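Asker: turn this into a structure:
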Amino acid sequence: PEAVKTTVKVTITIKDGPDGEVLAQERDYPYTYNKVGDEVPTITEVLVDVCEFDELAIEFQDDSKQVITKIGNKSVGKGEFWTYALNGVNNLDLPMYEQTVAEGDIIVVYLDSIN
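Answerer: Now for the predicted structure:
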């Protein structure tokens with residue numbers, strides 16, 4: 001199948017904690033990607049794009065881009081991890097790199113701790 005340029009608008013907020021300081025926020029952010037078949041973007045793909053747009057550094061544990069170790073100047077400490085809420089719901093069963101997004105979704109990515 002041929003790739004079709006597709007845009008999905010989402011609102012995304014990146015925070016340094018569950019109730020922490022906002023590192024970046026984009027309302028109605030137009031994420032454009034090349035859609036092949038029924039492919040839909042993931043939170044990780046949108047997050048990387050927004051970090052680039054806002055000139056926020058984002059680092060991963062390795063090339064698989066599954067574990068985020070740093071966003072902006074906030075690195076993961078002992079017992080901490082980057083997670084998300086989608087439309088007000090924390091769905092920790094699906095990691096960010098698997099969770100897909102749809103038009104109008106509200107995404108909050110934040111640094112959390114195991115405690």
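Asker: how about the strands in the protein?
Answerer: Under the criterion DSSP state E, the chain contains strands at 4-15, 22-35, 58-60, 68-71, 74-75, 80-86, 106-113.
Asker: nearest to Leu47, out of the ones you listed?
Answerer: Closest to Leu47 of the strands of the chain, according to CB to CB: strand 106-113, at 5.7 Å. For the C-beta atoms, the positions are set from N, CA and C on the backbone; glycine is no exception.
Asker: what's across from Tyr84 in the sheet?
Answerer: Under DSSP bridges, the beta-bridge partners of Tyr84 are Val109.
Asker: count the residues that sit near it.
Answerer: Using other CB atoms under 10 Å, Tyr84 is surrounded by 23 other residues.
Asker: in CSV, list the strands of the chain along with mean pLDDT and distance to Glu52.
Answerer: Output for these, formatted as CSV (pLDDT from 0 to 100; distance: least, CB to CB, whole Å):
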stretch, mean pLDDT, distance to Glu52
strand 4-15, 97, 12
strand 22-35, 97, 11
strand 58-60, 98, 8
strand 68-71, 98, 12
strand 74-75, 96, 17
strand 80-86, 96, 16
strand 106-113, 96, 14
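Asker: CSV for the ones you listed, including distance to Met96?
Answerer: Formatted as CSV, the strands of the chain follow (distance: least, CB to CB, whole Å):
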stretch, distance to Met96
strand 4-15, 12
strand 22-35, 14
strand 58-60, 11
strand 68-71, 8
strand 74-75, 16
strand 80-86, 5
strand 106-113, 7
